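> just to be clear, the model below is a prediction. Sequence and coordinates:
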Amino acid sequence: MILQNSISINCIIKSIFLNHKRYGLFSFLIWFLIVLPAQAVELRVAIKKNVNSLKVGSSTVSIVKDGAGNQIGKLEPMSSLAARTKGKAVTINNRIGADELIIEPEANGYVWIGDRWYRGRTHLIRQGDSLTAINHVDLEQYLYSVVGAEAVSTWPIEALKAQAVAARSYALYKRNTQANSIYDVDTTVGTQVYKGLDSEYTTTHEAVNATLGQIMTYNNEVILAAFHSSSGGHTENVEDVWTSPLPYLRAVVDYDHESPVFEWQQIFPVSRIRSLVAGVGNIRGVQPEKMTPYGRVITMKVTGDRGTAMVSGQKLREALDLRSTLFRVATEGNNLRVKGRGFGHGLGLSQWGAYYLAQQGVNYHQILVHYYQNASLTRLE
């Protein structure tokens with residue numbers, strides 16, 4: 001991967017073009033080839049993992065190939081067919097079978113996987129007795145869907161552009177650091193939400209196309225461009241929430257006060273957390289024992305009439321299905337009243353913060369360098 005600053009590259013091209021007699025045509029051609037965009041990046045997205053069977057198809061006639069790339073059949077358009085494992089093979093409607101199957105639609109058609117349409121092609125792989133379906137899709141086309149699934153399509157275009165750059169950077173970071181032999185990312189919030197054509201909109205196409213190939217980098221490496229819905233007023237330093245410090249995931253003031261989850265509260269029966277603090281008896285108090293500098297709970301002390309116990313803020317969040325770890329708990333008889341702020345881990349780009357800043361006329365580049373401190377907006381070549 002070659003990362004180049006688009007402004008400096010344009011200057012180089014202009015300089016060589018204006019001085020082509022001095023440098024010679026051959027030199028100009030060499031430089032021209034260097035700065036031409038590389039072949040499109042293909043992403044492998046796990047749509048379904050370890051299932052017994054699933055429906056597949058395509059919107060146009062599609063070619064079916066085996067794992068070696070040999071054509072072994074064709075599928076008629078708009079047919080819903082059952083893919084499953086059979087012995088050591090993957091089959092479609094029990095007639096086309098091989099160790100692996102690849103469905104490639106003709107004429108820029110779409111593929112059907114499970115219950116949605118997707119761009120690109122389908123790769124069916126047998127894993128033991130189960131089936132995994134991978135969507136091989138161009139990175140930019142993948143982002144048409146991700147931006148619509150992760151953000152709100154009617155938001156200001158500068159906020160959607162910021163989301164597009166963050167999502168592109170995040171996908172490439174995951175592809176470079178955590179991909180396995182089968183896929184690069186899946187479709188869950190653990191990586192990025194991806195819903196195929198269901199979450200594509202005119203505005204998400206516009207945002208992706210306007211930022212084509214743009215990523216956030218630090219020291220010429222794509223960054224871990226973490227993002228979340230709303231921080232509750234201030235983002236966090238990464239080492240206070242996850243593990244190692246990173247120079248670009250630093251705590252900054254957020255502008256998410258218009259978020260519907262900027263402040264929230266919920267009431268739960270005490271029984272929801274008893275399994276986490278067995279042995280303390282009747283719970284009398286729940287107080288933070290250790291917090292991040294901006295108030296997220298790292299460890300919570302639970303006091304009962306028989307003793308005390310420590311529980312992590314993340315485990316408490318999961319047990320109560322809370323929006324974030326930026327919360328406080330009050331006991332009210334047999335109930336817990338939880339008041340909190342924000343939604344998500346509070347690292348990197350705040351989507352509601354980006355929304356507000358874009359409304360105020362701040363452009364996507366300014367939004368990105370605010371939330372990703374010390375990082376640069378770079379064009380992927």
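Ah, there it is. Numbers count the residues shown, from 1 in each chain.
> mind checking the SS state of the closest residue to residue 158 other than its chain neighbours?
Nearest non-adjacent residue to residue 158, counting by C-beta to C-beta, 6 or more residues apart in numbering: residue 358, 4.0 Å away. In this view, the C-beta of every residue, glycine as well, is placed from N, C-alpha and C. Using DSSP: H, G, I helix; E, B strand; the rest coil, the structure places residue 358 in helix.
> and residue 358, how many neighbours?
Using other C-beta atoms under 10 Å, residue 358 is surrounded by 21 other residues.
> which SSE is the residue nearest the centre of the chain in?
Geometric centre of the chain, nearest residue: residue 192, 2.4 Å, by C-alpha atoms, centre = their mean. Using DSSP states H and E, residue 192 maps to neither a helix nor a strand.
> can you check residue 216 too?
strand 214-218.
> kindly format the C-alpha coordinates of that strand as PDB.
In PDB, the C-alpha atoms belonging to strand 214-218 read as follows (Å, rounded to 0.1, in the frame of the first residue of the first chain):
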ATOM      1  CA  GLN A 214      -9.300   9.200   1.500                       C
ATOM      2  CA  ILE A 215      -8.200   7.700   4.800                       C
ATOM      3  CA  MET A 216      -6.800   8.900   8.100                       C
ATOM      4  CA  THR A 217      -3.200   8.100   8.700                       C
ATOM      5  CA  TYR A 218      -0.500   8.500  11.300                       C
END
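> output the contacting helices and strands for it.
helix 157-177, strand 376-380 (3 or more C-beta pairs under 8 Å, 6 or more residues apart in numbering; DSSP states H and E).
> and stretch 106-115, what's buried?
Across stretch 106-115, burial judged by 16 or more other C-beta atoms under 10 Å covers 109-113.
> tell me who's in contact with residue 277.
Taking C-beta atoms under 8 Å, 6 or more residues apart in numbering, we find residue 277 in contact with 283, 302, 304, 309, 311.
> cutoff 6 Å now
302, 309 (C-beta atoms under 6 Å, 6 or more residues apart in numbering).
> re earlier: how near is the residue nearest to residue 158 to residue 233?
18 Å (C-beta to C-beta, to the nearest Å).
> sorry, back to before: check the gap between the residue nearest to residue 158 and residue 367 for me.
From residue 358 to residue 367 the distance is 7 Å (C-beta to C-beta).
> the residue nearest to the centre of the chain and residue 148 touch, don't they?
No - the pair residue 192 / residue 148 is not scored as a contact, 11.4 Å apart, by C-beta atoms under 6 Å.
> where does the chain dip in pLDDT?
Applying pLDDT under 70 to the chain picks out residues 1-39.
> would you list every one of the helices in it?
6-18, 20-23, 25-35, 139-150, 157-177, 202-210, 238-241, 313-320, 351-359, 364-371 (DSSP state H).
> which ones are touching residue 49?
Residue 49 neighbours (C-beta under 6 Å, 6+ apart): residue 132.
> the strands in the stretch 201-350 of the chain, which residues?
With DSSP state E, counting those that start in this stretch as the criterion, the stretch 201-350 of the chain has strands at 214-218, 221-222, 227-228, 264-269, 283-291, 297-304, 307-312, 327-332, 335-340, 349-350.
> CA atoms only for the fifth one, dumped as CSV, please.
Provided in CSV are the C-alpha atoms of strand 283-291 (Å, rounded to 0.1, in the frame of the first residue of the first chain):
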residue,chain,number,x,y,z
ILE,A,283,-27.7,-4.7,47.9
ARG,A,284,-27.5,-1.4,49.7
GLY,A,285,-25.2,0.7,47.5
VAL,A,286,-23.5,0.8,44.1
GLN,A,287,-20.6,3.3,43.8
PRO,A,288,-17.8,3.8,41.3
GLU,A,289,-14.5,2.5,42.7
LYS,A,290,-12.3,3.5,39.7
MET,A,291,-13.2,5.8,36.8
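> chain center to that strand: distance?
33 Å (C-alpha atoms, centre = their mean, to the nearest Å).
> that strand - contacts with which helices or strands?
strand 297-304 (3 or more C-beta pairs under 6 Å, 6 or more residues apart in numbering; DSSP states H and E).
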